[in-house]
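> Pasting a predicted model and its sequence here:
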Amino acid sequence: MYFDFKTSYNDDIRLIRRPLSGLFYAIAFGTALFSPLVISEFYITESSAIFVLGIIIIGYMISAGMAGLVGLGHAAFVGVGAYTHAILLGAGVPFLISIFSAIAVCALLGVMLAVISLRLSGLYLAISTLIFALAVEHILGSWETLTGGYEGILVPDPIIFGTSFASSINYYYLTLSALVSVIILAANLMRSLSGRALIGLRDSEQAAASLGINVLKTKSVAFALSGAVTGFGGALMSHQIFFITPEAFNMMLSLQIVLAAVIGGLGSITGALIGAVVIGWMPELISQIKALLPVSIRYQPGPDLVIYGAVLIGFVLFEPLGLYGRWKKIENWLLTFPLDRKATFAKTRTYMKSERV
Amino acid sequence: MPDIELFVQSLANGVSVGAIYGLIALGFVLVYKSTEVVNFALGDLLMFSAFAGWSLSVALGWPIWLAVLAAIFLTSLLSGIINEAVVSRIIGQPQFAHILLTLGIAFTLRGLILLIWGADQRSLDSLAPDTLLEVAGITLRAERVQIILITLVLVIALQFFFRKTRFGLALQALGENQMAAYLMAIPVRRAISGIWMLSGAIAAIAGLMLAPLLLVDTNLWLVMVKGLIVAVMGSFHSVPGALGAGILVGVIEQLAGVYLDAEYRDLVVYASFFAILAVFPKGLFGGQSAKKV
């Protein structure tokens, strides 16, 4: 159970819900703005990678967390965004036009996916998005005249109005501004009419339809927006990998996006950012853990998979709401200090609820 | 080779590969029918069976039939343990939680297999003798005939099991309504574990028949994707539906491989998957059913 202490109707749709969280956002933004002055080159590069990951995960969150359309194939959008951007840049198109074309292509791809899977939901949707991503990866690999096939293509440096953003510090500010605009977009979306329609769709499709929400249109909007934001992230990501191949956008990336969303907490922007930080640092963490292992298995891919799997299992079993959900519980305990009881968040006993009639 | 012979030959190959896909889909269908969980770890259970079969028959030198039986038993046991230890804990949570949980199990299992056996490729012998059979002017490998026969026998046995036996009927009741089944004194937890073991055993049989056609390596789990396609096409409910859709996918794949570029084989399968879903959103064998509000 969660208590929201509201005192006016506007509390529901305010951008900054509490004065304290406004302070928190300001501190976070200030830290991000000024930290390149003190941290080393390595951390600057790592942080921009996390910002880009954050954009991608917010993109996923728009369809999975808000509209409840849980897909397992968002790597397709990342891949198409990256490839469109790289191909257009390679053809000499200016950076801004190229990146907006990448966004448009991904939005179209999202509409396409929506049209294919409009009548599907739940499990079928998850499987069909998984297959969709596999098909896109395959097409990227075999359309050699355009994408260079499995040999990959080189991504030109980002140059906006004659300024190069290739250096790590410039790229850091480029990704930071992109992330901030995406956060503002997503936050505003969540309090706008169409965003609330998405949430209605998630909670009950039938109820939403009976309240006059056009389900098919809203689903297409959800996929288009989600695809566009994810593709934007993909286009920015292409500058980090320099040389893109279809294998960079395989099923593992799709699953990493899902993993990040779950670890952070599905359904909130803060959760998406927490997830991005955790997943962004995961390889580093794993290499720290691997250093403790015997030499014979230290350089194998096995331990990585076991750790990823164990983390996912642990979160589903013990904290399905993710780290953001855990933080919410702690925050609630602090806000209601002497009143909190053990049973506040106690799980009730559940039985299997069938999705069939 | 004359055209018609090539066609029939690839048709037969398609049917035998499709039978394996059908079996994998059956592994999904059985668990889904009774618990509405899709076990994304099935591909890795299948891979485990192939590696276990290799270890027993090649590394330990057991006779192949004994190794195959033992591998099937081990995989079935592992599947049951996975259900008891992990999956049964989240009964009643939304479907999304189950998808993520079984994905997590799949990662862990794949990582452990990599740790135990490494990434080398191995080859596994088949139960069938390595001879060619001549049926009505078409030569078939004994291996392929054995796959089709075993699958047919399994599907008929399963159909009999679900329709006629007490335990099979109890499992069907479980699929309809768990709470009601529980009130009718059906041991729900034990029955679900039984279903998981059965599903694991079927995946193991599919894996051990597939491994001789391909190689035993850590990409073997990818065949799960084909199994999922087949299960969706076959509507996730019926046992014969899974087999029918499996054979359809197998034949499409083989014919696309022969008459188009081999590179487009998988793409044609994906495209036909979406085409069929667009026309029949409930799969080819789906009846009328509505969703609860």
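Nice, thanks for sending it over.
> mind listing what the closest residue to residue B:276 other than its chain neighbours touches?
Distances taken as CB to CB, 6 or more residues apart in numbering or on different chains put residue B:233 closest to residue B:276, at 5.7 Å, once the chain neighbours are dropped. (Glycine included, C-beta is placed from N, CA and C.) Contact partners of residue B:233, counting by CB atoms under 8 Å, 6 or more residues apart in numbering or on different chains, are B:245, B:248-249, B:273, B:276-277, B:283-284.
> Count the residues that sit near residue 215.
No chain in the question, so chain A it is. 15 (other CB atoms under 10 Å in any protein chain shown).
> Correction: the question concerned chain B.
The burial count for residue B:215: 14, using other CB under 10 Å.
> Look up how far residue B:111 lies from it.
20 Å (CB to CB, to the nearest Å).
> swap in residue A:144?
33 Å.
> Neighbour count: the two, which is higher?
residue B:111 (23 against 10).
> what's the closest non-adjacent residue to the more buried one?
Per CB to CB, 6+ apart, closest to residue B:111 is residue A:305, 3.1 Å.
> Can you name the residues in contact with the helix or strand the one you found falls within?
Per DSSP states H and E, residue A:305 falls inside helix A:302-318. Residues outside helix A:302-318 that contact it (CB under 8 Å, 6+ apart): A:256, A:259, A:262-263, A:282-283, A:286, A:289-290, A:293, A:297, A:322, B:86, B:89-90, B:97, B:100-101, B:103-115.
> just the buried members of those residues?
Taking 16 or more other CB atoms under 10 Å in any protein chain shown as the criterion, what is buried in the contacts of helix A:302-318 is A:256, A:259, A:262-263, A:282, A:286, A:290, A:322, B:86, B:90, B:97, B:100-101, B:103-115.
> can you confirm residue B:134 is in a strand?
Yes. Counting by DSSP: H, G, I helix; E, B strand; the rest coil, residue B:134 is part of a strand.
> What mean pLDDT does stretch A:302-315 get?
When pLDDT is averaged over stretch A:302-315, the result is 85.
> What residues sit buried inside it?
Under 16+ other CB under 10 Å, the buried positions of stretch A:302-315 are A:302-309, A:311-313, A:315.
> Show me which of the residues you listed is closest to residue A:46.
Using CB to CB, residue A:304 comes nearest to residue A:46 of the buried residues of stretch A:302-315, at 17.9 Å.
> Tell me where chain B has strands.
All strands of chain B, identified by DSSP state E, fall at B:132-135, B:138-141.
> Please spell out the segments of chain A that come in under the pLDDT threshold.
Counting by pLDDT under 70, the ranges of chain A that qualify are A:1-6, A:12, A:17-19, A:121, A:296-297, A:340-357.
> Where is the longest helix in it?
Assignment by DSSP state H gives helix A:215-241 as the longest helix of chain A.
> Please see if that one touches chain B.
No. Applying CB under 8 Å from any CB of the partner chain, one finds helix A:215-241 separated from chain B by no less than 12.7 Å.
> Buried residues, the helix or strand bottoming out on mean pLDDT in chain B. List them.
Lowest mean confidence among the helices and strands of chain B (mean pLDDT, DSSP states H and E): strand B:132-135, at a mean of 71. For strand B:132-135, the neighbour count (16+ other CB under 10 Å) marks no residue as buried.
> What lies in contact with it?
Residues contacting strand B:132-135 (CB under 8 Å, 6+ apart): B:139-142, B:145.
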